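Chemist: Using only what follows, build the 3D model:
(one chain, ligands or ions: 1)
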Amino acid sequence: MSLQRTTAQALRAASKSATRQTVAKRSMSLLSRQAPRAALAAQATGVRGVKTLDFAGTKEVVYERADWPLDKLQDYFKNDTLAMIGYGSQGHGQSLNARDNGLNIIVGVRKGGASWKEAQEDGWVEGETLFDIPEAIKRGTIIMNLLSDAAQSSTWPEIAPLITKGKTLYFSHGFSVVYKEDTKVVPPKDVDVILVAPKGSGRTVRTLFLEGRGINASVAVYQDVTGKAKEKARALAVAVGTGYAYDTTFEKEVYSDLYGERGVLMGGIQGMFLAQYEVLRKNGHSPSEAFNETVEEATQSLFPLIGKYGMDYMYNACSTTARRGALDWAPKFKEANLPVFEALYESVRNGSETRRSLEFNGRKTYREDLQKELDEIDNQEIWRAGKTVRQLRPDAKKEDI
Ligand SMILES: NC(=O)c1ccc[n+]([C@@H]2O[C@H](COP(=O)([O-])OP(=O)(O)OC[C@H]3O[C@@H](n4cnc5c(N)ncnc54)[C@H](OP(=O)(O)O)[C@@H]3O)[C@@H](O)[C@H]2O)c1
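Modeler: Numbers count the residues shown, from 1 in each chain. The predicted structure is shown next:
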């Protein structure tokens, strides 16, 4: 595949997609603004494909977008209707990307909910591309179940009979089927069951796609009836905006995901920030000093360096004094945290985290209960101090604070 051809295809498909769809002004302007850039990025990655890469001594296969140029992707799914069930963070990002990739996709959400309105605002048209959930499932050949995990469980009794032979069932999380004793989600035996799990929020799935980049995702097969399940999963990964994908299993995906977000990605970092801040405050440091030394320097200066070239790069960018101390204290933090991480992994593995999540997120008062907890965080001194610190950033905009 020559680079030039890939670019031309991307441009052609993007403009075809733009004219084919009745798209609301918001999406339309984004698309027309971004499509050329997306095409250029496709050109940049055009030489890459399926590869075995050495990840620190372990060989793994990765799949790249270049394996599925747009004409091949569109041809592969020409007889399919993708039915996106749910229009939350992931449903929104994945369905808009698939639509911009020129695929035949419809959205299914409950009428009257927030998602219905949002889908309409994004140009999905009632009776044409927007349906209630049962109707969308009936019309779809690939059923993308992107309801919230709790809703996947509570709606399963109505959804299951509609997933008939020949359809494909798609998830973005292993949660529902891996913890089937708790969720009761047991897929019918005669359908392919696959997973594409983007490693980031649905909003990022969309913004990276519009920038011509692409999120990374894992792909897995739970049930392969047609012998094509894996191939379909890889193609769908590209369809929904993935830049590259790596293999996993449903079980490994859900274990690592639940563990990671409770750990370093969210819960762990929140706990570390708070503990460090509190000790500084107890020792007489001002809120601005405590916040700057805990959160602001981390997010604005040091963590991006780790993201760019790794931990040693960050160390090299710091003073000799900082380096010496951090090198000495890192093993102590590791030792102190290890038992917490062991306990967390076990809590994920034995399903405790799932049961907790289903119970909490299945409550009728879920939204209010959650908001109460988030308000408590927002009211903590550390985060109130953070608002003032952010105002002081020279490039601060009102909407960022
Ligand atoms: N968010 C992420 O960062 C992320 C990343 C990777 C994978 N995933 C996975 O992707 C899937 C979707 O996640 P998400 O974050 O996009 O979900 P979400 O934002 O919580 O989506 C909720 C969707 O479910 C619908 N819904 C909720 N309760 C319902 C009910 N009882 N009946 C019918 N519809 C109901 C909502 O519709 P209404 O508006 O009508 O309430 C909305 O469309 C999950 O499996 C998740 O684990 C998420």
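Chemist: mind listing what the residue of the stretch 301-401 of the chain found nearest the ligand touches?
Modeler: Of all residues in the stretch 301-401 of the chain, residue 361 sits closest to the ligand, with a separation of 8.3 Å (CB to the nearest ligand atom). No exception for glycine: its C-beta is placed from N, CA and C like everyone else's. Residues in contact with residue 361 (CB atoms under 8 Å, 6 or more residues apart in numbering) are 148-150.
Chemist: now with 7 Å?
Modeler: Shown in contact with residue 361 (CB atoms under 7 Å, 6 or more residues apart in numbering): 148, 150.
Chemist: I'd guess residue 325 is in a strand, am I close?
Modeler: No: secondary structure of residue 325 (DSSP: H, G, I helix; E, B strand; the rest coil): helix, not part of a strand.
Chemist: Now do the same contact list for it.
Modeler: Residue 325 neighbours (CB under 7 Å, 6+ apart): none.
Chemist: If we go by neighbour counts, what in stretch 289-299 is buried?
Modeler: 290-292, 294-296, 298 (16 or more other CB atoms under 10 Å).
Chemist: now swap in stretch 57-67 and tell me
Modeler: Of the residues in stretch 57-67, 62-67 count as buried by neighbour count, 16+ other CB under 10 Å.
Chemist: The ligand next: which of these are close?
Modeler: Among the buried residues of stretch 57-67, none lies close to the ligand by the criterion of CB under 6 Å from any ligand atom.
Chemist: I'd like these written out as a markdown table, with pLDDT added.
Modeler: Below are those laid out as a markdown table (pLDDT from 0 to 100):
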| residue | pLDDT |
| --- | --- |
| 62 | 91 |
| 63 | 91 |
| 64 | 89 |
| 65 | 91 |
| 66 | 90 |
| 67 | 89 |
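Chemist: Narrow these to those in helices?
Modeler: Per DSSP state H, helices hold no members of the buried residues of stretch 57-67.
Chemist: Just give me the closest of these to residue 234.
Modeler: Set against residue 234, the nearest of the buried residues of stretch 57-67 by CB to CB is residue 63 (4.9 Å).
Chemist: hang on, the closest one packs against residue 242?
Modeler: No: in this structure, residue 63 is not within contact of residue 242 by CB atoms under 7 Å, at 8.5 Å.
Chemist: picking that back up, want to try a markdown table for the buried residues of stretch 289-299, with pLDDT as columns?
Modeler: Below are the buried residues of stretch 289-299 laid out as a markdown table (pLDDT from 0 to 100):
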| residue | pLDDT |
| --- | --- |
| 290 | 98 |
| 291 | 98 |
| 292 | 97 |
| 294 | 98 |
| 295 | 98 |
| 296 | 97 |
| 298 | 97 |
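Chemist: Quickly name whichever of those is closest to residue 231.
Modeler: residue 298 (41.8 Å).
Chemist: pLDDT (mean, whole number) over the lengthiest strand in the chain?
Modeler: Determined from DSSP state E, the single longest strand within the chain is strand 215-223. Mean per-residue pLDDT for strand 215-223: 97.
Chemist: Listing partners with orientation, what would you give for that strand?
Modeler: Each strand paired with strand 215-223, and its direction, by DSSP bridges: strand 192-198 (antiparallel), strand 242-247 (parallel).
Chemist: Now the element after that strand, going C-ward?
Modeler: Following strand 215-223 in sequence order, the next helix or strand is helix 229-239 (DSSP states H and E).
Chemist: buried ones in that following helix?
Modeler: So helix 229-239, judged by 16+ other CB under 10 Å, has buried residues 229-230, 232-239.
Chemist: ok, residue 85 touching residue 108?
Modeler: Yes: assessed by CB under 7 Å, residue 85 is found in contact with residue 108 at 4.7 Å.
Chemist: For those two, work out which one has more neighbours and name it.
Modeler: Taking other CB atoms under 10 Å, residue 85 and residue 108 do not tie; residue 108 has more neighbours (30 against 26).
Chemist: Residue 376 looks like it's in a helix, true?
Modeler: Yes: assessed by three-state DSSP, residue 376 belongs to a helix.
Chemist: List, one by one, the residues from the stretch 1-150 of the chain near the ligand.
Modeler: 86-91, 109-110, 113-115, 146-149.
Chemist: of those, closest to residue 166?
Modeler: residue 146 (20.8 Å).
Chemist: now the closest one: how far from residue 242?
Modeler: 15 Å (CB to CB, to the nearest Å).
Chemist: Distance of residue 247 relative to residue 218?
Modeler: With the distance defined as CB to CB, residue 247 ends up 7 Å from residue 218.
Chemist: Please identify which of those two sits among more neighbours.
Modeler: residue 218 (24 against 16).
Chemist: who's in contact with the more buried one?
Modeler: 197, 245-246, 248, 253 are the contacts of residue 218 under CB under 7 Å, 6+ apart.
Chemist: ok, now with 8 Å
Modeler: With CB under 8 Å, 6+ apart, residue 218 has these contacts: 195-197, 199, 245-248, 253.
Chemist: now it, nearest residue through space, not along the chain?
Modeler: residue 248 (4.1 Å; CB to CB, 6 or more residues apart in numbering).
Chemist: give the contact list for that neighbour.
Modeler: Counting by CB under 8 Å, 6+ apart, residue 248 touches 195, 197, 218-220, 256.
Chemist: quick one, phi/psi of it?
Modeler: phi -150, psi -170 (degrees, to the nearest 10).
Chemist: Could you measure from it over to residue 222?
Modeler: According to CB to CB, residue 248 stands 11 Å off from residue 222.
Chemist: do residue 118 as well
Modeler: 29 Å.
Chemist: These two: which is more packed in?
Modeler: residue 222 (19 against 16).
Chemist: Just the pLDDT at the residue nearest to that one when sequence neighbours are not counted, thanks.
Modeler: Excluding its sequence neighbours, the residue lying closest to residue 222 (CB to CB, 6+ apart) is residue 193, at 4.0 Å. The per-residue pLDDT reported for residue 193 equals 98.
Chemist: and what of residue 394?
Modeler: pLDDT recorded at residue 394 is 88.
Chemist: So what's the residue count around it?
Modeler: For residue 394, the neighbour count with other CB under 10 Å is 4.
Chemist: Would you verify that it is located in a strand?
Modeler: No: going by three-state DSSP, the assignment for residue 394 is coil, not a strand.
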